[in-house]
Structure formats: structure tokens, C-alpha cells
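J.: 3D, please:
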Amino acid sequence: MGVTGGDIVAPPTATRELLAALSTTEKFFWACLESSQTGSVLRIREAVKYLALIRTYQTSLGIKAKNGSTVTATLLG
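T.: Numbers count the residues shown, from 1 in each chain. Take a look at the predicted model:
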């Protein structure tokens, strides 16, 4: 009655809801960054840090983005 390597298990409902919320939040942060060409440097830096955290949370919850590590490293760099 164990789970074999080929079995795909859907994440629990709470995890799916959290991932959906993180995805929506990430979209809002990207939209904010795209529209803030003359914004405060401190606010832009803070938004970038939050984006990196969102990517990290998504990865820890099982979302494997094609370039997730690269984007997160670039945001923090």
C-alpha cells in the first residue's frame, strides 16, 4: 500500500490554495515592477525581495519553474 515512484499524488487542498495565492501575488508584484520606472529605489528593492521569497516558497511547495533558480538568484543579486 505504499506509493511507488511512478505514482503522482496531488497536493493537499491547502497547498493548492496557497500556491494559487502565491501565483496571484507574484503576478501583482511583476506588474508593479513593470509599471514603476521612476519609483522609489527602496520600494523596488523591497518588491524584488518579496518576489524572491515567493519563488522560494513556490519551490518549497513543489512548483518547479523552468528557470526558477536563475530568476531567484538574479532577483537577489
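
J.: Which stretches in the chain count as helices?
T.: With DSSP state H as the criterion, the chain has helices at 13-35, 41-60, 68-76.

J.: mind giving me CSV with those and columns for mean neighbour count?
T.: Placement of C-beta: from N, CA and C, glycine included. What follows is the helices of the chain, written out as CSV (neighbours: other C-beta atoms under 10 Å):
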stretch, mean neighbour count
helix 13-35, 12
helix 41-60, 14
helix 68-76, 14
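
J.: Now mean pLDDT too, for those helices, in a markdown table please.
T.: Formatted as a markdown table, the entries for these read as follows, by pLDDT from 0 to 100:
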| stretch | mean pLDDT |
| --- | --- |
| helix 13-35 | 88 |
| helix 41-60 | 85 |
| helix 68-76 | 71 |
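
J.: Return the residues in contact with F29.
T.: With contacts taken as C-beta atoms under 8 Å, 6 or more residues apart in numbering, F29 has the following neighbours: 47, 50-51, 54.

J.: how far away is it from P11?
T.: In this view, F29 and P11 are 23 Å apart by C-beta to C-beta, to the nearest Å.

J.: same thing with E26?
T.: For E26 relative to P11 (C-beta to C-beta), the value is 18 Å.

J.: Then S40?
T.: According to C-beta to C-beta, S40 and P11 sit 37 Å apart.

J.: neighbour count winner among the two?
T.: When neighbours are counted by other C-beta atoms under 10 Å, P11 comes out ahead of the other of S40 and P11, with 13 against 9.

J.: Next, the nearest residue to that one once chain neighbours are set aside: phi, psi?
T.: Setting aside the residues directly before and after it, P11 is nearest to G62 in space (C-beta to C-beta, 6 or more residues apart in numbering), at 6.2 Å. Dihedral angles phi and psi of G62 (degrees, to the nearest 10) take the values phi 110, psi 0.

J.: now P11
T.: Note on P11: its backbone torsions stand at phi -70, psi 160 [degrees, to the nearest 10].

J.: S60 is in contact with that one, correct?
T.: No. Contact between P11 and S60 fails when scored by C-beta atoms under 8 Å: they sit 11.9 Å apart.

J.: Since that was my last question, I'll sign off now.
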